[in-house]
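Colleague: predicted model and sequence below, questions to follow.
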Number of protein chains: 2
Amino acid sequence: MSNNLRINAERMRAAFDELAQVGSTAGGGVNRPAFSEAHLAARDWFRRLIEKAGLEFRSDGAGNHSALLPCGPVSAPTLLLGSHLDSVADGGRFDGALGVMAALEVLRTVKEAGLRLPFNLEAIDCTDEEGTLVGLLGSAALAGELEPEHLQSPRGGRRALVEGMHRAGLSEAGMLTAARPSGSLAGYLELHIEQGVRLERAGLDIGIVSAIVGISSYRLTFLGRADHAGTATMDDRLDASLGASAFTLAAREIVQGDFPDCVVNVGRMEFAPGAFNIVPARVELSLEFRAPDEGQFARLDSALIERAGGEAGRFGLELRTEFLGRHSPTPMSAAAQDAFSGACADLGLSHAPLVSGAGHDGQSLARICPVGMIFVPSADGASHSPREFTRWEDCVNGAEVLLQASLRFAERVVR
Amino acid sequence: MSNNLRINAERMRAAFDELAQVGSTAGGGVNRPAFSEAHLAARDWFRRLIEKAGLEFRSDGAGNHSALLPCGPVSAPTLLLGSHLDSVADGGRFDGALGVMAALEVLRTVKEAGLRLPFNLEAIDCTDEEGTLVGLLGSAALAGELEPEHLQSPRGGRRALVEGMHRAGLSEAGMLTAARPSGSLAGYLELHIEQGVRLERAGLDIGIVSAIVGISSYRLTFLGRADHAGTATMDDRLDASLGASAFTLAAREIVQGDFPDCVVNVGRMEFAPGAFNIVPARVELSLEFRAPDEGQFARLDSALIERAGGEAGRFGLELRTEFLGRHSPTPMSAAAQDAFSGACADLGLSHAPLVSGAGHDGQSLARICPVGMIFVPSADGASHSPREFTRWEDCVNGAEVLLQASLRFAERVVR
């Protein structure tokens, strides 16, 4: 089906460059946290572009913004393409934005060619993928997975969420109305930058995601005793910093030694009372780890939490373990992976399967439809940074694969 | 000279208990940070008590409050006794307060007995000993050591200092006028709680301070690189938390292994960017260490800073070393120590020499006069906490030794 069809790379570039100006930062990146003024400006800009392109605009109670192309039968399901326009604070121009611009370009190309497909097409910008507020908020709402309690103590704080929803003209009740009816989505395909160095190091054009890692996070609190740092002898102290420090080193050793496909991060420690002259009574440690499958995920969890207890005990400390949440490892649809590899072969692009170490909206959407995802190379692996860069030629490759895979996906999934 | 003279323990107790009500906290401690409303209320109370006792009240440009007893020749020097009425935030009732109340009681006892001494007596409450604002502020001013730059970026922040001085009716210029004329002080003697467990464990009544430790502080910054905590491989990371953690453990080992008379504390780490899903690019670490003499002080400094560099290098990090300040180790006057041990012998109290692991106003005053200090036992060593406690009988012992040592000091120092 239409394998000679190609996107309009110049048109996509113009749109991509215009978008990069919205919320642009001095360092060449963008600062568009979910529901910030810059993010809402990007969404307004996207809406105008959709309308200019002669596509239908749609938004829902979770703030997701879409372009619709009714290229299939009226009652046919929809193949969803897309990504997100929000960024982390002081992020890069490519993360999310490339996927939305490529999705829109696929719709414009199919519209221009006047193709009829067995499904309708939708290019979506999902709300708060990055987790400034809740994380994967828009896609969780689409998948019917959003619960009122997720909005009660979101990771970005309740106040930021309430203020953001107010700026965006959204309501809590409305958030819960965005679930798509069962069977309404034929699938979800996303193009994203790799945010790592594997494609660049291997000299590959395209990474076909085989699974999105599971992510788990804990707050670990090592509890000792505040003492005068001059008068308490070293032997008498119950110094919370020692447990936290020993665990931080041990966590890395555990992963490097026994879990080569996993990663772990201690992203923050918070000391209390936190003075030069007081022995730390309490250290709160932010722990996150990721694994590509449920087996490793569970074993790593046990190994880390057990070790935290061991290091606490070694220094006479108590450990308080607070589980903050998890996303299960999510295998990608085999049909989507086949469509992507077929498309790469047709286009003469080198490719390999990759596990995604980052979380993506596909994790939510995999609950309600087949999901597939491709990566294009990130220069130096830079991500969540103004240094983020992908060669334009790689961006175009990704969009072409997204187009061809959509057409192939039509043949395979929808009968 | 008057070795049968005894203080009025009931009168001292009444004063001590009344003082403990000013800024009292639910946990049985006091909250009187320097120049807080509660601290100023305690000073007002002290002034009224001085006047009620028929003593002369004096205050200076640094806010130091004193009771004067002209028991010597008009042009004779002054023997200064005292401590401080400010507390750390949520501190205890004994730290500082006991020393001021005992000093006042010594003056009242000498006045009541109508004794003539070769010097005049002064009981002082020194400003901001605890360092809520600057640290040893009042005594540094007395010693002529206070420089305008100490007031520009004080450890408690410039704004807190300016607001506090305003509340206390003091000015920056006035602070610099409090230096005592050369030769005007015959000495400075202080009674304080130990804030440690050595006296209690050894079953001793009195600790005679042989030296106040030197204290040095640094801000060490371990610099790595922020990376996506899902997509950057473990081997590729430059994780600032690893250097900071390894150094924290190493610092303790260095002191326990090679510097048994010293202590070290990592009181705080500050992570940046500080997110669950970002590899820490920067960890700022608050380092403080103490040593009883210049030799150990210098060797420990080298060992710690060298090791910090080594641990940074081991994890591919850069180290930024910011020296924040030091107080040299301060030996106590031999004459004062003799006066204290003679007084203990007369009173039948067990005693031993001790190094003070905490900083005290005597560090400043040792620059201008002979300084001596005694400790009484702290139950459980609790300090800077509402749990702080010293048996009343030990408090009385301390005050009796202070009185007798003052009389002995007269014989030895002033001719």
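Modeller: Everything's here; your move. Everything numeric in this text was worked out from a predicted model, so none of it was measured.
Colleague: how would you label the closest residue to residue A:34 other than its chain neighbours: helix, strand or coil?
Modeller: Residue nearest to residue A:34 in three dimensions, not counting chain neighbours: residue A:128, with 3.7 Å by C-beta to C-beta, 6 or more residues apart in numbering or on different chains. Where C-beta positions appear, they are placed from N, C-alpha and C, glycine not excepted. Per DSSP: H, G, I helix; E, B strand; the rest coil, the secondary structure class of residue A:128 is coil.
Colleague: got the CA positions of stretch A:325-333 in PDB?
Modeller: Taking only C-alpha atoms (Å, rounded to 0.1, in the frame of the first residue of the first chain), the coordinates of stretch A:325-333 have been written out as PDB:
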ATOM      1  CA  GLY A 325       4.800   3.900  42.800                       C
ATOM      2  CA  ARG A 326       5.700   1.800  39.800                       C
ATOM      3  CA  HIS A 327       5.100   1.300  36.200                       C
ATOM      4  CA  SER A 328       5.400  -2.300  35.100                       C
ATOM      5  CA  PRO A 329       7.800  -3.200  32.200                       C
ATOM      6  CA  THR A 330       5.700  -2.900  29.000                       C
ATOM      7  CA  PRO A 331       6.500  -5.200  26.000                       C
ATOM      8  CA  MET A 332       5.700  -3.500  22.700                       C
ATOM      9  CA  SER A 333       3.200  -5.100  20.200                       C
END
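Colleague: contacts for it next, please.
Modeller: Surrounding stretch A:325-333, the residues in contact under the criterion C-beta atoms under 8 Å, 6 or more residues apart in numbering or on different chains are A:136, A:187, A:208-217, A:291-294, A:297, A:359, A:362-363, A:366, A:370-373.
Colleague: for it, the distance to its chain's centre please.
Modeller: 12 Å (C-alpha atoms, centre = their mean, to the nearest Å).
Colleague: ok, stretch A:382-390 next?
Modeller: On C-alpha atoms, centre = their mean, the centre of stretch A:382-390 falls 15 Å from that of its chain.
Colleague: for that stretch, measure first residue to last.
Modeller: End-to-end distance of stretch A:382-390: 10 Å, with C-alpha to C-alpha, to the nearest Å as the criterion.
Colleague: so where do the strands sit in the stretch 201-350 of chain A?
Modeller: Counting by DSSP state E, counting those that start in this stretch, the stretch 201-350 of chain A forms strands over residues A:206-212, A:214-223, A:263-272, A:282-291, A:318-327, A:330-331, given from the N-terminal end onward.
Colleague: I'd like to know which of the ones you listed has the weakest mean confidence.
Modeller: Per-segment mean pLDDT for the strands of the stretch 201-350 of chain A reaches its minimum on strand A:318-327, at a mean of 92.
Colleague: in its sheet, what does that strand sit against?
Modeller: Each strand pairing with strand A:318-327, determined using DSSP bridges, is listed with its direction: strand A:214-223 (antiparallel).
Colleague: rewinding a little: which one of the strands of the stretch 201-350 of chain A lies nearest to residue B:109?
Modeller: Smallest distance to residue B:109 across those (C-beta to C-beta): 43.7 Å, for strand A:263-272.
Colleague: quick revisit: let's have the strands of the stretch 201-350 of chain A in JSON lines, adding distance to residue B:226 and mean neighbour count.
Modeller: Putting these into JSON lines (distance: least, C-beta to C-beta, whole Å; neighbours: other C-beta atoms under 10 Å in any protein chain shown) gives the following:
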{"stretch": "strand A:206-212", "distance to residue B:226": "22", "mean neighbour count": "23"}
{"stretch": "strand A:214-223", "distance to residue B:226": "18", "mean neighbour count": "22"}
{"stretch": "strand A:263-272", "distance to residue B:226": "10", "mean neighbour count": "24"}
{"stretch": "strand A:282-291", "distance to residue B:226": "14", "mean neighbour count": "24"}
{"stretch": "strand A:318-327", "distance to residue B:226": "21", "mean neighbour count": "14"}
{"stretch": "strand A:330-331", "distance to residue B:226": "26", "mean neighbour count": "20"}
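Colleague: I figured the residue nearest to residue A:34 was touching residue A:139, is that so?
Modeller: No. Using C-beta atoms under 8 Å, residue A:128 is not in contact with residue A:139, being 9.3 Å away.
Colleague: so for those two, which sits in the more crowded spot?
Modeller: Each of residue A:128 and residue A:139 has its neighbours counted (other C-beta atoms under 10 Å in any protein chain shown); residue A:139 has more, 32 against 29.
Colleague: contact distance from chain B - what residues of the stretch 1-150 of chain A qualify?
Modeller: Applying C-beta under 8 Å from any C-beta of the partner chain, one finds that the stretch 1-150 of chain A approaches chain B through residue A:131.
Colleague: and the helices in the stretch 1-150 of chain A, which stretches?
Modeller: With DSSP state H, counting those that start in this stretch applied, the stretch 1-150 of chain A shows helices at A:9-20, A:37-52, A:97-113, A:137-142, listed in chain order.
Colleague: residues contacting residue A:249?
Modeller: Each residue near residue A:249 by C-beta under 8 Å, 6+ apart is listed here: B:242, B:245, B:246, B:249.
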